[in-house]
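Chemist: could you work out the structure for the sequence below:
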Amino acid sequence: MTFVFFCTLTSVLSLFFGAFCFVKRRAHPANQAFFINSITISLWSLGLGWMSVANSQSGAEQWLTIHYIGATLIPPSFAMFVYAFLRMHPRRTGLIYFWWSGGLLFFVLSISPYRYLFISAVAGSDYFHFYTKAGIFYLMYTVFFFSAIGDAILLLVQSVTRKSHLSKTHIQYVLVASLVGFGGGSTAFLTVYFPSIYPAGMYIVFLYPLIMTYAIVVHKLMDVEVLVKKSLVFAGLFTSLMAVVSGVSTAVQSVVGQRIGLDETAIRILSILIAMVLFDPVRKYLVRVTDRYLFQKNENVRVILNRLSQNIITILDIEKVGTTILETLKDSLRLESGIILIQDEDGKTFEIMDSFGIQNKHERFPKEGLFIRCFLESDKILNLEDPLQKESLPSAIKGTLEAWGAVICIPLFIHRELIGLLILGKKKSDQEFSEDEMDCFPAVAGQVAIALSNARLYHILMRSQADFAQQAKMAAIGTLSAGISHEIKNPLQVIRGIVEMLRFNKKSGIYKDYTKEQYEELIAEALVRVLDAVNRATGVIDRLSSFAKKPKELKTELFSLEHAMDNALNMVTYEFEQNQITVKKEYASNLPKVLADEHAIEEVFFNLLINARHAIIEKGTIEVQMQPQGDEIEALIRDTGSGIPKENLEKIFDPFFTTKDTSRNPDDAAIKGSGLGLFLVREIVKRYGGRIVLESEVGKGTTFHIFLPASPDPRLKN
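Modeler: Model prediction:
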């Protein structure tokens, strides 16, 4: 019975871990092939074990059939797995078709009326009740088996000694598992030819699915701890299905078996078939239950982005902003760990500003060191779930990140200067980061970088009582990060669509009848559209860059006030569209230019437009007007919002006075503020000889009148 136990153990483990790897990444060819190979091994081992202890010739013949259904398909399925694991396209080898042809040929022969030419069950083995008796084609099958397996193992050996996109360690795991599994399993052939030899190697075949599963987990760069967590699902699945098999066997044997006359083997096969039908529904139910009570549900990335923006946009305390960022991402993505590294004020080192889920919280990294230089050279987000990205890292950097349990590394740049790193660990559910979440991270990087820069600047400015303008402006930009991402993504999607259309049409032969002139004209038109999309994206970036840039010194220039207003409106267009706000513009013709800092005036209009948007609770209209008023130009911004109470009108321009939420309220709908925006608006307008007048009525709306001196030289008019 020891032999039967190890054969059954191998069968159960193969099916269990094969299903686990398939469910974990069912779309990946390597996991698909491993699942198929695991099923064949499971049938081979189960049939061999129970055939050896069958009580009758008919029972042994039935188990022999199961045994060779698996055995004949092991070679092609294993070869297919190795090709997929090494990412070798089958057409590059051609042999995969030969292996499958041979496997299917022996499979058909094993279940045909002529299978005695191949195999049969025979009693009287030295160690077993029944064992395989070889037919005239069995030697051919033996050669086929070892040829296919040998070919696949040879590919693994060659991949270890050559450069590959996979690490040698990963390939070595698969190679060792294959040598152990097939080395042990091959002893079953010896007993066919030499009945006096005991197939002792079968006692180690169960190690094959264990080592192979670990290799796939490592190949996919998932922690082995996932086996413990996800095993809750599959342990329940296994228990449920075994209960089904046991219950069905009992019921069929006591009711159906007595009436129809099914023997014990047929009842077992019927029970297994019913369990296989119930496999997927039971799995889905258990996954749904564990997702609900243990693991996370996927959350809309827009909700995450908005929540992050609302939580951090007005926090100017350097001690709180890092904690808030990590807490928001931890709760939204259900992370196990997270770290924020920030550049010191001297700009020479980076240190851990805040973290959770790690032990060493006081590490420092020099700016010129290998770790920081790796991220200085590229602003790309590093995804350690991608084996190619992980293997491209130097071992020292990889070791540091693995010690933190890092999965996603997000460089934080402001004006092409690296100010920090946002490092996220794996999810508590062990789910991989989705494509939508990866697409969301650039916007997250922008928000976090602005918030950190904002808080650090505020900390410095409060100590020196210096210029608050840049601080408030950077905080305001944070609310627009989703819109900026949207505005840039649209033209990029246009470019992608044009390129993919050209590639598809060319591949489909649509252009084969085009003349050279027609084809060149088509390409020229496509390039014009691509260039237009590039210009659109560049314009968005230029506007954001020029608006966010902190001026080194006060400057004045002649510029069109309408142009400054239009630039500010462009910055808030997405925000207004999302909140169903209509903008009405009315500019007088031939307005004179003004002498001031255009970026500073853009900031004035931007702050007033944002305030108007916040004043409108649901839908509404914002009017923008410009007209000459004697020696001045009047810029008017009127909203249909809630208005300002009379008791607040005199205090509205005071620094740090705000009617908005200044707490760390997690409510996404809460409108937050710092109390600096209108104070800075008035200071900027006064700096350039202007004035600002406020009119407001509760329930009807608010109007801001900004008056700036017109250029005295009539030749400078538009």
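
Chemist: and the chain, what are its domain boundaries?
Modeler: 2-221, 223-295, 301-466, 551-716 (automatic domain parsing).

Chemist: mean confidence for the helix or strand containing residue 332?
Modeler: Taking DSSP states H and E as the criterion, the element that holds residue 332 is helix 318-333. Averaged across helix 318-333, pLDDT comes to 81.

Chemist: swap in stretch 520-534?
Modeler: 81.

Chemist: ok, now stretch 122-129?
Modeler: In this model, stretch 122-129 has a mean pLDDT of 73.

Chemist: same deal with stretch 174-188?
Modeler: Across stretch 174-188, pLDDT averages out at 86.

Chemist: cool, stretch 606-624 as well?
Modeler: Per-residue scores along stretch 606-624 average to 87.

Chemist: how far does it stretch from start to finish?
Modeler: Using CA to CA, to the nearest Å, one end of stretch 606-624 lies 12 Å from the other.

Chemist: and that stretch, what's buried?
Modeler: Buried residues in stretch 606-624, counting neighbours by 16 or more other CB atoms under 10 Å, are found at 606-616, 620, 622-624. (Each C-beta comes from the backbone N, C-alpha and C, glycine too.)

Chemist: nearest to residue 26 among these?
Modeler: Using CB to CB, residue 613 comes nearest to residue 26 of those, at 45.0 Å.

Chemist: could you name the helices and strands sitting against the helix or strand hosting the closest one?
Modeler: Using DSSP H and E, residue 613 sits within helix 598-615. Under the contact definition 3 or more CB pairs under 8 Å, 6 or more residues apart in numbering; DSSP states H and E, helix 598-615 sits against helix 469-478, helix 516-548, strand 557-559, helix 561-578, strand 620-629, strand 632-639, helix 677-687, strand 701-709.

Chemist: sheet partners, orientation included, of the shortest one?
Modeler: The reference is to strand 557-559. Sheet pairing for strand 557-559, assigned by DSSP bridges, gives strand 594-596 (antiparallel).

Chemist: let me see the mean pLDDT of the partner strand.
Modeler: 90.

Chemist: what are the contacting residues of it?
Modeler: By CB atoms under 8 Å, 6 or more residues apart in numbering, the residues outside strand 594-596 that reach it are 556-559, 561, 601, 633, 688, 690, 708-711.

Chemist: give the buried residues for whichever strand or helix holds residue 184.
Modeler: In the assignment (DSSP H and E), residue 184 maps to helix 168-185. For helix 168-185, burial by neighbour count (16+ other CB under 10 Å) applies to 170-178, 180-182, 184-185.

Chemist: stretch 72-90 too?
Modeler: By neighbour count on 16+ other CB under 10 Å, the buried set for stretch 72-90 is 72-86, 90.

Chemist: out of those, which sit inside strands?
Modeler: Among the buried residues of stretch 72-90, no residue falls in strands (DSSP state E).

Chemist: nearest to residue 48, of those?
Modeler: Ranked by distance to residue 48 (CB to CB), the buried residues of stretch 72-90 are led by residue 74 at 11.8 Å.

Chemist: surely that closest one and residue 42 touch.
Modeler: No: if you go by CB atoms under 8 Å, residue 74 and residue 42 don't touch, sitting 10.4 Å apart.

Chemist: circling back: helices or strands up against the helix holding residue 332?
Modeler: Counting by 3+ CB pairs under 8 Å, 6+ apart, helix 318-333 packs on helix 301-312, strand 338-343, strand 349-356, strand 417-425, helix 435-464.

Chemist: okay, the ones you listed in CSV with mean neighbour count, distance to residue 118 and mean pLDDT next?
Modeler: Shown next, in CSV, are these (neighbours: other CB atoms under 10 Å; distance: least, CB to CB, whole Å; pLDDT from 0 to 100):
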stretch, mean neighbour count, distance to residue 118, mean pLDDT
helix 301-312, 20, 57, 68
strand 338-343, 24, 60, 88
strand 349-356, 19, 62, 87
strand 417-425, 22, 54, 87
helix 435-464, 20, 48, 75
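
Chemist: out of these, which is closest to residue 205?
Modeler: Judged by CB to CB, the one of the helices and strands packed on helix 318-333 that comes nearest to residue 205 is strand 417-425, at 36.5 Å.

Chemist: what about the helix holding residue 332, distance to the chain center?
Modeler: Centre-to-centre, helix 318-333 and its host chain are 20 Å apart (CA atoms, centre = their mean, to the nearest Å).

Chemist: could you do stretch 613-620 as well?
Modeler: Relative to its parent chain, stretch 613-620 has a centroid offset of 34 Å by CA atoms, centre = their mean.

Chemist: and it, how far apart are its ends?
Modeler: Stretch 613-620: ends 9 Å apart by CA to CA.

Chemist: give me the residues contacting it.
Modeler: Residues from elsewhere that reach stretch 613-620, judged by CB under 8 Å, 6+ apart: 572, 575-576, 579-582, 622, 639-643, 660, 671, 673, 701-702.

Chemist: filter those down to the buried ones, ChimeraX style.
Modeler: Applying 16+ other CB under 10 Å to the contacts of stretch 613-620, the buried members can be selected in ChimeraX as follows:
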select :572,575,576,581,622,639,640,641,642,643,671,673,701,702
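
Chemist: re earlier: buried residues in the helix holding residue 332?
Modeler: Here helix 318-333 shows 318, 321-330, 332-333 as buried, counting by 16+ other CB under 10 Å.

Chemist: check stretch 578-597 too.
Modeler: Buried, per 16+ other CB under 10 Å, within stretch 578-597: 581, 591, 592, 593, 594, 595, 596, 597.

Chemist: relative to residue 443, how far out is the first one?
Modeler: What it means is residue 581. 21 Å (CB to CB, to the nearest Å).

Chemist: ok, now the second one?
Modeler: Distance check for residue 591 against residue 443: by CB to CB, it reads 37 Å.

Chemist: equivalent analysis for the fifth one, please.
Modeler: Plainly put, residue 594 is 35 Å away from residue 443 if you go by CB to CB.

Chemist: just the last one next, same as before
Modeler: When distances are taken as CB to CB, residue 597 and residue 443 turn out to be 29 Å apart.

Chemist: same thing with the fourth one?
Modeler: Using CB to CB, one gets 36 Å for the distance from residue 593 to residue 443.

Chemist: what does the helix holding residue 184 rub up against?
Modeler: By CB under 8 Å, 6+ apart, helix 168-185 touches 41, 44, 78, 82, 85-86, 149, 152-153, 156-157, 159-160, 164, 201-205, 207-212, 214-215, 218-219, 387.

Chemist: so the closest residue to residue 615 other than its chain neighbours, which of the three states?
Modeler: If the residues on either side of it in the chain are set aside, residue 615 comes closest to residue 641, at 2.7 Å by CB to CB, 6 or more residues apart in numbering. Taking DSSP: H, G, I helix; E, B strand; the rest coil as the rule, one finds residue 641 in the coil state.

Chemist: residue 641: what's it in contact with?
Modeler: Counted by CB under 8 Å, 6+ apart, residue 641 has contacts 612, 614, 615, 616, 617, 620, 701, 702.

Chemist: at 6 Å what do you get?
Modeler: If you count contacts by CB atoms under 6 Å, 6 or more residues apart in numbering, residue 641 has them with 615, 616, 701.

Chemist: for residue 281, state which of the residues you listed is nearest.
Modeler: Proximity of the contacts of residue 641 to residue 281 was ranked by CB to CB; the top entry is residue 616 with 49.8 Å.

Chemist: quick one, which of the contacts of helix 168-185 are buried?
Modeler: 41, 44, 78, 82, 85-86, 149, 152-153, 156, 159-160, 201-205, 207-212, 214-215, 218-219, 387.

Chemist: tell me how many other residues crowd residue 598.
Modeler: 19 (other CB atoms under 10 Å).

Chemist: cool, the one 4 residues further on as well?
Modeler: By the other CB under 10 Å criterion, the neighbourhood of residue 602 contains 23 residues.

Chemist: do the same with the one 3 residues further on
Modeler: As a burial measure, the neighbour count of residue 605 was computed by other CB under 10 Å and equals 24.

Chemist: and it, how far from residue 197?
Modeler: As defined by CB to CB, residue 605 lies at a distance of 90 Å from residue 197.

Chemist: shaky segments in the stretch 151-300 of the chain?
Modeler: Along the stretch 151-300 of the chain, segments meeting pLDDT under 70 span 162-169, 213-280, 282-300.
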